[in-house]
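In: fold the following, please.
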Amino acid sequence: MNTTNSRRLALLGMLAALSLSTLSTAGAAEPADGLSEAEIRRVDKAGGKLTLKHGELRNLDMPPMTMVFVVRDPKGIEGLKVGDRIRFVAGQDGPNYTVQSWELVK
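Out: Numbering: from 1, shown residues only. Alright, predicted model coming up:
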C-alpha cells in the first residue's frame, strides 16, 4: 500500500471515530427543562436540607452520587419524605450545593 492510501485510510478511521463519539454523546444531552432526577434519602426540615441520591448533574459537571443540598425555599420540603423521587434544578451558592426548584415525580 502506498503512502497516499495509508493516509486516506488513517483519515477515514479518524473521521469514523469522531462521528461515533458525536453520536454517543448526542443522546446524553441534558433535558431541555434542565431538571435532574433524584431519590430523597434524608429530609432535614429544621436545617432546610435534603440528602439526595442524584443522577449526573451536567450543569455542575458532577457525576451521580449521594449528597446534601440546601433548599432555597425550606417551607416547600414539608411534604417530602424519604424514598420520594424528585426532578430538580441544582445550583451552587458559595460552598453549598442548592436545590433551586423541584417537582415531585409521580
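
In: M67 is in contact with T51, isn't it?
Out: Yes - between M67 and T51 a contact is recorded at 7.1 Å, counting by C-beta atoms under 8 Å. C-beta: built from backbone N, CA, C; applies to glycine.

In: just list the residues touching T66, thanks.
Out: 41, 51-54 (C-beta atoms under 8 Å, 6 or more residues apart in numbering).

In: in the chain, where is pLDDT below threshold?
Out: Applying pLDDT under 70 to the chain flags the ranges 1-2, 4-33.

In: residue boundaries of the helices in it?
Out: Taking DSSP state H as the test, the helices found in the chain are 3-26.

In: please parse it into its domains.
Out: Segmentation of the chain into domains, based on automatic domain parsing, reads 1-29, 36-104.

In: determine which stretch of those is the most buried.
Out: Mean neighbour counts were compared across those using mean count of other C-beta atoms under 10 Å; the top stretch is domain 36-104, at a mean of 15.

In: can you give me the end-to-end span of that domain?
Out: 12 Å (C-alpha to C-alpha, to the nearest Å).

In: quick check: bridge partners of the closest residue to D93 other than its chain neighbours?
Out: Sequence neighbours aside, V70 is the residue nearest to D93 in space, at 7.3 Å (criterion: C-beta to C-beta, 6 or more residues apart in numbering). Beta-bridge pairing for V70 (DSSP bridges): K49, T98.
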